[in-house]
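Quick one, fold the following:
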Amino acid sequence: MRQSKKEITDRSVVEGLLADCRVGRLATINGDGWPVIKPLNFAWEDGKVYFHSAREGEKIDDISRSPKVCFEVDLPVAYVRAKEQPCQAEYLYRSVIIKGRAHIVTDNKERRRGLELLMRKYQPETRSWDFPEEKLALTAIVRIDPEEVTGKEDLGKGSLRARALELIGRGGLDTNRIIDRD
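Down below sits the predicted model:
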């Protein structure tokens, strides 16, 4: 990372972002050699990323060709309005980038576990799920085994940082939030 002062060194913050962010972005290389990025729902557990997909399509083709992937999540905190100079404008955020290898899960127990993790994250009010065999047959579960995990943040300085941390602590962040400097 070029600016080490922006690195998130607290692993619990990185883990929290991976647990709480609702959308991740998967980067693969397509058949023509172009990088492609796809937003997707995901779950993070025991140091692994899980997501589901159709059994056929660009994501699965790309992963089958090369398991090397990049995965990103971010938490936009606020845009800080400039007072006098354009360079006073800031964007406050936290993000995590994972470089790793994607594996199409074939073990039925792990496949079900991946789906349970997704449902628990996106529909936590329901305690158990029955996954019909005919639907499981149509669904691929992919696990990313990280080789490198990097967290980065810019929450400003001084009172601006304190406000950013307060906003994060309250949750329910509005991605269009604009705040003014003190």
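
For residue 70, give its distance to residue 32.
Using C-beta to C-beta, to the nearest Å, one gets 18 Å for the distance from residue 70 to residue 32. In short, each C-beta sits where N, CA and C put it, glycine included.

Just want to know which of these two has more residues nearby.
When neighbours are counted by other C-beta atoms under 10 Å, residue 70 comes out ahead of the other of residue 70 and residue 32, with 17 against 6.

Secondary structure element holding the nearest residue to that one once chain neighbours are set aside?
Nearest-residue entry for residue 70: residue 27, 4.1 Å, with adjacent residues in sequence omitted and distances by C-beta to C-beta, 6 or more residues apart in numbering. In this structure, residue 27 sits in strand 24-29 according to DSSP states H and E.

which of the residues in the helix or strand following that strand are buried?
Read in the C-terminal direction, the helix or strand following strand 24-29 is strand 35-40, with elements assigned using DSSP H and E. For strand 35-40, the neighbour count (16 or more other C-beta atoms under 10 Å) marks residue 40 as buried.

Export only the CA atoms of strand 35-40, formatted as PDB.
Extracted as PDB, the C-alpha positions of strand 35-40 are listed here (Å, rounded to 0.1, in the frame of the first residue of the first chain):
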ATOM      1  CA  PRO A  35     -10.700  -7.700 -16.200                       C
ATOM      2  CA  VAL A  36     -14.400  -7.700 -15.200                       C
ATOM      3  CA  ILE A  37     -16.000  -6.700 -12.000                       C
ATOM      4  CA  LYS A  38     -19.300  -8.000 -10.700                       C
ATOM      5  CA  PRO A  39     -21.200  -6.800  -7.600                       C
ATOM      6  CA  LEU A  40     -22.600  -9.700  -5.600                       C
END
